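**Q** kindly return the folded structure for what I paste below:
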Amino acid sequence: MTQTTLTAAPATDAHALTGKRRIAFASYVDENYLPGFLTLLRSLALSNPGVCEDFVVLYDDLRPGSIARIRALHPRIVLKRVGDTHYDSYKKGDQDNYLVRKAYFILDVFRIREYDTIITLDTDMVVLGDLGELLRLREGLAAVPQFFYGQHKLNSGLLVIQREYLSDEFCARLDRCGRSGDYELDKHDQGILNAVLDGDFVRVDPRYNFVKRRLSGDLPVPEDTAILHFTGRHKPWQGGEAGYSQAEDRWREFELSDADFQAAYLASNGGLHHDLVVHFGTPHVKRTGDVEVARKVAAAHIASGDYQDAVDVLTSVRIPLDEAWPHEVLGHALMSVSRHEEAKAQLLLATAAPNRAATAYARLAQMAWVHGDNTESLRHATAGITVDPTHRSSRLWAQRAAAVPAQERGSAEDQLAHVAFYMDRQGNAGDKLLPETVRLAFGPDVTSRRWHSVHAHRLFDEAALERVNARRGLVIGGGGLFIPDTMPNGNSAWQWNVPDGLLNRIDVPIAVFAVGFNAFDGQSYRANRFRDSLLQLVERSAFFGLRNHGSIEKVRAMLPSHLHDKVRFQPCPTTVMRQLVAGWQDPVRRENTILVNAAYDRAGLRFGHDYGYFLAQMAQAVRDLGELAEVQCVAHSLDDEKIAFDLRREHGISLPVIPMYDFENDQIRELYARTKLVIGMRGHAGMIPFGVGTPIISLISHPKMAYFLRDIERPEWGVSVHDRHLAARLVERSKELLADHAKTVADVHGRQQELWKVTEANAADLRVILGG
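**A** Coordinates of the predicted model:
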């Protein structure tokens, strides 16, 4: 079999940039063991309904129909065909013996290079309990010791294999052992592995590979068994074996038809994985017309950003008038594709139920605000608060609808229109500061004398077009406007809610300034609508500047080649703040503090299965950093305070919390300028302190921070939240940056100067384009 070779990851490979672990299950499957494997897949889903990782199927003789049956039971099947010629030179065993060949094929798992952690499962296993502990393992090669032969040998039915063993070097060791014959002739993969490892493996609790023979005499399966392994020649799907009826009854719990299995999964308690809900729920809805399941499937589509799919599944069933929740979810999906009149009808139906009314009213308030009707928005938001005075979203929309817009003091011909995400009070501090900082890049006057505000999330209609065309130009940015799931709309599929027809009628110069491509690792733009809108925006723009080269590469990949040169580098203006703020003075003295920021939006995409590990590592880092300076938590948004709560609850560590979401812009700049070091996860928890001359270390959970550090040629200032030695690296790098603080600050200034040169050069072009 040809070995896969390692290649350098592309500069925009999100996994390579964030270090997020790629996890997969794996099994060798053939026609003889197919019934067992199908049962294994069902048991995995029903016992771990919130888990959906790739499942690698190694095979050499599966029929197309068998592959179809496998795919019906898991949405992320990865087929890898293998051959046995690689093992012809092994010294022991009959190559035609099925069990020997199966054992050799299991060794092919070690030749897989696409994952960081692989969990192998034999096809004669059933999963009975939570596998979270296995998914959280991060080091070594883990297995359950053989029950009957001592702790120094592993049972290869379950292996948890980490990256260092998925290597050419380890495969070479296995090959040398196989060719030499220097191993015991038991199950061959076990014999070879045990010979190579010589007892050097991580011991896993036997409940994760509980062998059937321990239940001889028809003993019951222990309650805490997570994986039951039907070792021996007599398999449950082949008639079973006398003396194990209670064990085989547990296996038969999962011997279900596809229809019964789908219904069982969808009735499961706890958090269901959205991919599994869609995979099992879609055929179930098509077969049964079940409205409640259709709601679950639609909600799963919405969570993934597939809004049209959510509309399609709910409009395929008849929703009774008194079923409020499906009406509310359908209303949410319809408004996300800009079918607002239909959405309004659905949401009004949902307001009839007290338990859904507040959410429905908040969505109605949002739609009215999007259309520029503050009076109607406030009316709906107030109704939501009346139903539930604690409803946060209703209160937010009431606040936004009641806000008095700033009085414009300038004349239209002297103003630039500015499309941006204008953050609410107590909103994200970085997004709050950003529009003002963008304006500073065009001149010192950031007020309505020179600027006409256009909120990106409001529908860009005929009246907005008329107002923009009356100005001398249009600036769009900055920030991560190219993201699919923040205030989704069907007009552009990114944050600016602009229909193509109106975009093409803008007749003043358009400057896209320091915008970012903001997709997470594991998140993608699935709609052609986004590509079409992007194409028109680039064609219409006189200046198209993106805030990092990673975004440039991503956007260019979506464009025809003749437009590539239009896409240029324009750093986020927050990174050159010292140059932009009039009369800026660097602090004479700094407070002896280290500020820590963590972000929790889209936590599953940021942390995967590693949040517990991240928190434990941060606890250790905070303890050690406390010997260098006072460590404080800085919260850009309310949700950022979670790290302080979790450190206190789980590790007994108390941190002062700075509510930056309540700060004015000057306070944000001043706080970051006074501290010695910022360790931040949010993009602007790195870029803002850098921009005011403060050293940073980025906690990388999103590609954009790796992009930024690469642009300033300081990748060592970033550490992945998944790093195996996160605490040690944070402390080590903090000590390095603080050891000669003046030198580090001078380095920050030097890196910033390079970004300022780019900004100045672009400013010269923009003065020509915008005429001022």
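**Q** so residue 699 touches residue 683, yeah?
**A** No - the pair residue 699 and residue 683 fails to qualify as a contact (C-beta atoms under 8 Å) at a distance of 11.0 Å. Placement of C-beta: from N, CA and C, glycine included.
**Q** residues shared between the contacts of these two?
**A** residue 705 (C-beta atoms under 8 Å, 6 or more residues apart in numbering).
**Q** wait, what's in contact with residue 620?
**A** The contact partners of residue 620, by C-beta under 8 Å, 6+ apart, come to residue 727.
**Q** what about the helix or strand hosting it, average pLDDT?
**A** Taking DSSP states H and E as the definition, residue 620 sits inside helix 611-625. Average pLDDT, helix 611-625: 97.
**Q** next, the buried residues of it.
**A** 611, 613, 614, 615, 617, 618, 619, 620, 621, 622, 624, 625 (16 or more other C-beta atoms under 10 Å).
**Q** and if you look at stretch 666-680?
**A** For stretch 666-680, a neighbour-count test (16+ other C-beta under 10 Å) marks 668, 669, 671, 672, 673, 675, 676, 677, 678, 679, 680 as buried.
**Q** residue contacts, the first one?
**A** Neighbour list for residue 668: 429, 432, 433, 660, 688 [criterion: C-beta under 8 Å, 6+ apart].
**Q** now, which of the residues you listed sits nearest residue 395?
**A** Ranked by distance to residue 395 (C-beta to C-beta), the contacts of residue 668 are led by residue 432 at 18.0 Å.
**Q** helix or strand next in line after the helix or strand harbouring residue 381, which one?
**A** For residue 381, the element it lies in under DSSP H and E is helix 374-387. Remark: after helix 374-387, the chain's next helix or strand is helix 392-402, criterion DSSP H and E.
**Q** roughly how far out does the following helix or strand past that following helix sit from the chain middle?
**A** The C-terminal neighbour of helix 392-402 among helices and strands, as given by DSSP H and E, is strand 416-420. Its chain's C-alpha centre and that of strand 416-420 lie 30 Å apart, by C-alpha atoms, centre = their mean, to the nearest Å.
**Q** paired strands for strand 416-420, with orientation please.
**A** Strand 416-420 pairs in its sheet with strand 451-455 (parallel), strand 474-476 (parallel), by DSSP bridges.
**Q** need the contact partners of it.
**A** 434-435, 438-439, 442, 450-456, 467-468, 471-479, 496, 508, 770.
**Q** generate a ChimeraX selection restricted to the buried entries among these.
**A** In ChimeraX, this line selects whichever of the contacts of strand 416-420 come out buried by 16+ other C-beta under 10 Å:
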select :434,435,438,439,442,450,451,452,453,454,455,456,468,471,473,474,475,476,477,478,479,496,508,770
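**Q** what mean pLDDT does the helix or strand hosting residue 357 have?
**A** In this structure, residue 357 sits in helix 354-370 according to DSSP H and E. For helix 354-370, the mean pLDDT works out to 97.
**Q** got a list of contacts for that helix?
**A** Outside helix 354-370, the residues that reach it (C-beta under 8 Å, 6+ apart) are 324-325, 327-328, 331-332, 335, 340, 343-344, 347-348, 350-351, 374, 376-381, 383-385, 387-388, 391, 393-394, 396-398, 400-401, 457-459, 489, 497.
**Q** could you do stretch 718-731 as well?
**A** Against stretch 718-731 from outside (C-beta under 8 Å, 6+ apart): 18-21, 138-139, 606-608, 610, 613-614, 617-618, 620-621, 624-625, 679, 681, 697-701, 705-706, 709, 733.
**Q** okay, and for the stretch 401-550 of the chain, where does confidence drop off?
**A** The model of the stretch 401-550 of the chain has pLDDT under 70 over residues 520-527.
**Q** all helices for it, in order.
**A** 429-440, 462-469, 500-503, 528-540, 549-556 (DSSP state H, counting those that start in this stretch).
**Q** now swap in the stretch 101-250 of the chain and tell me
**A** Along the stretch 101-250 of the chain, counting by DSSP H, counting those that start in this stretch, helices occupy 132-136, 168-180, 188-197, 245-252.
**Q** which strands and helices sit next to the last one?
**A** Judged by 3 or more C-beta pairs under 8 Å, 6 or more residues apart in numbering; DSSP states H and E, the packing partners of helix 245-252 are strand 227-229.
**Q** just checking: what are the partner strands of the strand it packs on?
**A** When DSSP bridges is applied, strand 227-229 pairs with strand 125-127 (antiparallel), strand 210-211 (parallel).
**Q** want to try JSON lines for the helices of the stretch 101-250 of the chain, with distance to residue 650 and mean neighbour count as columns?
**A** Output for the helices of the stretch 101-250 of the chain, formatted as JSON lines (distance: least, C-beta to C-beta, whole Å; neighbours: other C-beta atoms under 10 Å):
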{"stretch": "helix 132-136", "distance to residue 650": "14", "mean neighbour count": "17"}
{"stretch": "helix 168-180", "distance to residue 650": "35", "mean neighbour count": "15"}
{"stretch": "helix 188-197", "distance to residue 650": "34", "mean neighbour count": "22"}
{"stretch": "helix 245-252", "distance to residue 650": "34", "mean neighbour count": "18"}
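**Q** least reliable of those by average pLDDT, please.
**A** Among those, helix 188-197 carries the lowest mean pLDDT, at a mean of 79.
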